[in-house]
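Engineer: A predicted structure for the sequence below; I have some questions about it.
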Amino acid sequence: ANLGGGGEEGDEDLDPSQTGEGASAAAERPRKAEPRCPHPSPPNRFGIPAGYRWDGQIRGNKYEERWIAARHRDQEKRDEAYKAQMEGI
């Protein structure tokens, strides 16, 4: 089924996209390690680590800390309510 015109029958075997030779060459090349931040990053609500250029100085209004503390407080209240409910049974 040669639709391209005046080629030979063996031309289909020479197509590198069909054999995958180009993809294997890129896979064999070792990747460089991505730079990582040397400072411990504080927890945030999205779980995103600090960028490698961060200098370790927190320049926020402590919103993340208050948000995480509020989540912990709410979870503690739910746990205490559950324990009190289970003791009553």
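Structural biologist: On my side now, so go ahead.
Engineer: low-scoring stretches of this protein, by residue?
Structural biologist: Within the chain, the stretches with pLDDT under 70 are 1-27.
Engineer: biggest helix in it by residues?
Structural biologist: Counting residues, the longest helix in the chain under DSSP state H turns out to be helix 63-87.
Engineer: Output the contacting helices and strands for it.
Structural biologist: Counting contacts by 3 or more CB pairs under 8 Å, 6 or more residues apart in numbering; DSSP states H and E, helix 63-87 is packed against no other helix or strand. In this view, the C-beta of every residue, glycine as well, is placed from N, C-alpha and C.
Engineer: Name the residues that touch it?
Structural biologist: Contacts with helix 63-87, where a contact means CB atoms under 8 Å, 6 or more residues apart in numbering, come from Pro42, Pro43, Asn44, Arg45.
Engineer: Give the buried residues for it.
Structural biologist: Residues of helix 63-87 include none that count as buried (16 or more other CB atoms under 10 Å).
Engineer: The chain should start at 16 in everything you say after this.
Structural biologist: Let's use 16 as the start, then, which means that last one is helix 78-102.
Engineer: quick revisit: any chance of the contacts of helix 78-102 in TSV, plus secondary structure and neighbour count?
Structural biologist: What follows is these, written out as TSV (DSSP: H, G, I helix; E, B strand; the rest coil; neighbours: other CB atoms under 10 Å):
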residue	secondary structure	neighbour count
Pro57	coil	12
Pro58	coil	11
Asn59	coil	15
Arg60	coil	10
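Engineer: for the residues you listed, which one is nearest Arg51?
Structural biologist: Lowest distance from Arg51 to the contacts of helix 78-102 (CB to CB) belongs to Pro57, with 15.7 Å.
Engineer: hang on, that closest one packs against Ile73?
Structural biologist: Yes - applying CB atoms under 8 Å as the test, Pro57 and Ile73 come out as touching, 6.3 Å apart.
Engineer: do you know how far Lys98 is from Ile104?
Structural biologist: According to CB to CB, to the nearest Å, Lys98 and Ile104 sit 11 Å apart.
Engineer: My error: substitute Glu91 in the last question.
Structural biologist: Taking CB to CB as the measure, Glu91 falls 21 Å from Ile104.
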